[in-house]
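Chemist: Need a 3D model of the sequence below.
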Amino acid sequence: MIPGPKNLITDVPGLLVGNAQDAVLKSGTTVLTSAAPLTASVHVMGGAPGTRETDLLAPDKSVAKIDALVLSGGSAFGLDACSGVVDGLRAQGRGFALGPALIPLVPGAILFDLLNGGDKDWQDNPYRALGRAAFEAVSDDFALGSHGAGTGALTAMLKGGLGSASFVLDNGTTVGALVAANPMGSVTTPGERHFWAAPFEVNGEFGGLGPDSATGLGRRLDSRKMQAMRDLSASEDLPNERGNTTIAIVATDAALTKAECQRVATAAHDGIGRATVPAHAPGDGDLVFAASTGARPLTKPDLELGQIGHAAALCLSRAIARAVYSATSQENDLLPCWQAGSSQAHA
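Modeler: Just a heads-up that it's a prediction; the model follows:
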């Protein structure tokens, strides 16, 4: 398997992604959609998820397809970004028809970025407007790093961000991942130069430094993020594992059922575990949506489904590293960027 032409989730034909962000707010929203409804499901492994309309994605629920998926900052406030996307879809005449009613179906998930140095003293919730703006901006090309839902994301030691990656399998099936990386854990090994995901890197897509040669890693759980949040809030009472989450979408053009999408979403969580240490903590809301455009029928379902899940996990690991690699410095940042630290290391 090789990366697609853009090395983005939009290498899956028909998929579009849009970002909207507010630099003063230090937050934003990312939307994934397509011209036709998508089959989708979800799997949650974090202990503190924030979601909208995810119950309908269970294989036993009657809704067969959805119109868009949303990843957003803003914690519970960010769930309103889905409403902005619903507004945009309705304006285009899209949605589930029930008699004369037209109901766009837009599941979403949020991450916590309320303590990241941005101005959160709003009077009216800004996320509905951000959701609508992200929907209006959808394209087959989009920015990574400090954009969209990754605008205010933080990892344990460095700025997080929005990441994406893709693979085209040997049989022509395309698989991609889109992630807003804001984990409790670290995406880099101690020293913040090498990525945990380095063994899965392709063509130097996140710096090409290779794996860390040290052994015995993972036993220290240092976190600049938690100390920065305590300093910002002037409180030592913040729980050590609150204020995190990695939320992601994996997608394919293979024709999958909801149950098969759920299996791919489950397998894709391996990508979070390989790229983030630790992952799936009680205070993380780690969640993966899986979506199918349905364009390519499976010829050997059991074999191909396993290959798609494996590719999704690899893409998600790479996307998480690319999110941190692509993050850029902004005013009032709490944490440094990988790019700045790497430049100093090589100065």
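
Chemist: counting contacts, what elements does the longest helix belonging to the chain pack onto?
Modeler: Longest helix in the chain by number of residues, with DSSP state H as the criterion: helix 301-326. Contact analysis of helix 301-326 by 3 or more C-beta pairs under 8 Å, 6 or more residues apart in numbering; DSSP states H and E lists strand 161-168, strand 174-182, strand 245-254, helix 258-275, helix 338-345 as its packing neighbours. Every residue, glycine included, has its C-beta placed from N, CA and C.

Chemist: same question for it, mean pLDDT?
Modeler: Within the predicted structure, the mean pLDDT of helix 301-326 is 96.

Chemist: what's the angle from that helix to strand 174-182?
Modeler: 40 degrees (axes from the mean of the first three to the mean of the last three C-alpha atoms, to 10 degrees).

Chemist: Pull out the buried residues from helix 301-326.
Modeler: Of the residues in helix 301-326, those scored as buried under the neighbour-count criterion (16 or more other C-beta atoms under 10 Å) are 304-305, 307-326.

Chemist: ditto for stretch 180-196
Modeler: For stretch 180-196, burial by neighbour count (16+ other C-beta under 10 Å) applies to 180-189, 192-196.

Chemist: Show me the two of those that sit farthest apart.
Modeler: Spanning the widest gap among these are 180 and 193, at 23.0 Å by C-beta to C-beta.

Chemist: For residue 257, state which of the buried residues of stretch 180-196 is nearest.
Modeler: Nearest to residue 257 among the buried residues of stretch 180-196: residue 180, at 26.5 Å, using C-beta to C-beta.

Chemist: what sits against the closest one?
Modeler: In this structure, residue 180 makes contact with 30, 71, 73, 111, 148-150, 153, 160-162, 246-248, 323, judged by C-beta atoms under 8 Å, 6 or more residues apart in numbering.

Chemist: try residue 34
Modeler: With contacts defined as C-beta under 8 Å, 6+ apart, residue 34 is in contact with 14, 15, 16, 293.

Chemist: Please name the bridge partners of it.
Modeler: In this structure, residue 34 has beta-bridge partners residue 15, where bridges are defined by DSSP bridges.

Chemist: do the same with the one 5 residues further on
Modeler: Taking DSSP bridges as the rule, residue 39 bridges to residue 292.

Chemist: Let me see the confidence value for it.
Modeler: On pLDDT, residue 39 comes in at 97.

Chemist: That one contacts residue 256, correct?
Modeler: Yes - look at residue 39 against residue 256 with C-beta atoms under 8 Å: they come within range, at 6.1 Å.

Chemist: Same drill for these two, tell me which one is more crowded.
Modeler: The residue with the greater number of neighbours, taking residue 39 and residue 256 and applying other C-beta atoms under 10 Å, is residue 256; the counts read 27 against 19.

Chemist: Three-state assignment for the more buried one, please.
Modeler: coil (DSSP: H, G, I helix; E, B strand; the rest coil).

Chemist: Enumerate every residue touching the spatially closest residue to it that is not a sequence neighbour.
Modeler: If you skip the residues right next to it in sequence, residue 256 has residue 292 as its closest partner in space, 4.0 Å away by C-beta to C-beta, 6 or more residues apart in numbering. When the contact criterion is C-beta under 8 Å, 6+ apart, the partners of residue 292 are 38, 39, 40, 251, 252, 253, 254, 255, 256, 260, 261.

Chemist: could I get those residues as TSV with distance to residue 56?
Modeler: Below are the contacts of residue 292 laid out as TSV (distance: C-beta to C-beta, whole Å):
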residue	distance to residue 56
38	13
39	12
40	9
251	18
252	20
253	23
254	22
255	20
256	17
260	17
261	13
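
Chemist: ok, back up a step: could you tell me which residues touch both of residue 39 and residue 256?
Modeler: Both residue 39 and residue 256 are contacted by 292, 294, under the criterion C-beta under 8 Å, 6+ apart.

Chemist: Only C-alpha atoms, please: export the one helix or strand residue 36 maps to in PDB.
Modeler: Using DSSP states H and E, residue 36 sits in strand 27-44. Coordinates of each C-alpha in strand 27-44 appear next as PDB, following Å, rounded to 0.1, in the frame of the first residue of the first chain:
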ATOM      1  CA  SER A  27     -10.500  26.800  18.800                       C
ATOM      2  CA  GLY A  28     -12.200  25.600  15.700                       C
ATOM      3  CA  THR A  29     -14.200  23.000  13.800                       C
ATOM      4  CA  THR A  30     -13.700  20.400  11.100                       C
ATOM      5  CA  VAL A  31     -16.400  18.900   8.900                       C
ATOM      6  CA  LEU A  32     -16.300  15.800   6.700                       C
ATOM      7  CA  THR A  33     -19.000  15.300   4.100                       C
ATOM      8  CA  SER A  34     -19.600  14.100   0.600                       C
ATOM      9  CA  ALA A  35     -22.200  14.700  -2.200                       C
ATOM     10  CA  ALA A  36     -24.000  11.400  -1.300                       C
ATOM     11  CA  PRO A  37     -24.900  10.100   2.200                       C
ATOM     12  CA  LEU A  38     -22.300   8.000   4.000                       C
ATOM     13  CA  THR A  39     -22.600   4.700   5.800                       C
ATOM     14  CA  ALA A  40     -20.900   5.200   9.200                       C
ATOM     15  CA  SER A  41     -20.400   3.800  12.700                       C
ATOM     16  CA  VAL A  42     -18.300   4.700  15.700                       C
ATOM     17  CA  HIS A  43     -16.300   3.100  18.500                       C
ATOM     18  CA  VAL A  44     -15.400   4.900  21.800                       C
END
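
Chemist: Many thanks, I have nothing further to ask.
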